[in-house]
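**Student:** My questions are about this predicted structure, shown below with the sequence.
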Amino acid sequence: MRIASFLTGFLLAASAMAQDWQAVERVEPYAVQGATGLEIYQSIGERGPKLGVARVIAHTNFKLTWTRKYERQGNACVITVNKPKLIITYTLPKLKSKLSGSMKSRWETFLAGVTAHEKVHGDFIKDMVKQIEAMSVGLTVENDPNCQKIRPQLQARLGELSDAQRARSRDFDQVEMSEGGNVHQLILNLVDPG
């Protein structure tokens with residue numbers, strides 16, 4: 001009975017350790033100004049973060065590093081620890097102008113909607129990190145006593161998960177920004193609520 005209790009406690013602790021990380025989320029604001037929805041939107045177009053050659057309303061970026069432990073087990077190499085450090089940065093507009101009445105309410109609705117949109121991208125990134133962690137802890141490559149063959153195999157799998165996360169984000173943006181999509185509606189309501 002003691003052994004069963006010990007094993008149950010050990011397994012619960014190991015499971016908790018596998019998820020024992022929190023993403024650091026921060027906002028990097030950029031200044032915009034204007035007294036009307038159109039002026040504010042034009043300011044966003046002039047000052048928003050660059051993505052490729054165009055400027056965008058907001059952007060989510062991340063930095064991901066890992067603490068990994070590769071162990072030789074017999075003639076195999078096994079990843080026994082793979083702990084992420086994830087920093088997600090949301091670049092969002094920050095209005096420098098003072099607004100009142102309905103314009104203030106429209107701006108607040110716009111910013112809340114854009115922030116919620118970017119948080120979904122952040123959730124996609126967190127999901128990817130969890131998938132990487134689940135896939136990699138315990139990854140074993142036989143006939144790799146010097147832990148050299150495991151690294152390219154890991155990188156290939158990481159590339160697949162990263163590509164899937166990017167595709168998921170692109171698909172989400174396409175829906176949100178298409179005519180009638182949430183972001184499209186936020187822009188229309190900011191610029192011309194009538």
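**Tutor:** Yep, that arrived. Numbers count the residues shown, from 1 in each chain.

**Student:** just the strands in this protein please.
**Tutor:** 24-32, 50-51, 54-55, 59-73, 76-95, 140-141 (DSSP state E).

**Student:** Quick check: buried residues in the fourth one?
**Tutor:** Applying a neighbour-count criterion of 16 or more other Cβ atoms under 10 Å, the buried positions in strand 59-73 are 59, 60, 62, 64, 66, 68, 70. The way it works is simple: take the backbone N, C-alpha and C, and place the C-beta from them, glycine included.

**Student:** ok, now stretch 160-177?
**Tutor:** Buried, per 16+ other Cβ under 10 Å, within stretch 160-177: 161, 165, 168, 169, 173, 176, 177.

**Student:** which residues make contact with that stretch from outside it?
**Tutor:** 117, 120-121, 124-125, 127-128, 131-132, 135, 181-184 (Cβ atoms under 8 Å, 6 or more residues apart in numbering).

**Student:** Check stretch 39-54 too.
**Tutor:** By Cβ under 8 Å, 6+ apart, the list of residues contacting stretch 39-54 from outside reads 30-34, 55-59, 91, 93, 95, 97, 107, 187, 190-191.

**Student:** avg pLDDT for stretch 161-179?
**Tutor:** Averaged across stretch 161-179, the pLDDT comes to 96.

**Student:** and that stretch, how far from the chain's centre?
**Tutor:** Centroid displacement of stretch 161-179 relative to its chain, using Cα atoms, centre = their mean, to the nearest Å, is 12 Å.

**Student:** now do stretch 84-94
**Tutor:** Centroid displacement of stretch 84-94 relative to its chain, using Cα atoms, centre = their mean, is 8 Å.

**Student:** Give me the contacts around that stretch.
**Tutor:** 21, 23-32, 40, 43-44, 47-49, 57-67, 111, 114-115, 118-119, 122, 125-126, 129, 132-133.

**Student:** Show me which residues of the biggest helix by length in the chain are buried.
**Tutor:** Using DSSP state H to define each element, the chain has its longest helix at helix 101-136. For helix 101-136, the neighbour count (16+ other Cβ under 10 Å) marks 103, 106-107, 110-111, 113-114, 117-118, 120-122, 124-126, 128-129, 131-133, 135-136 as buried.
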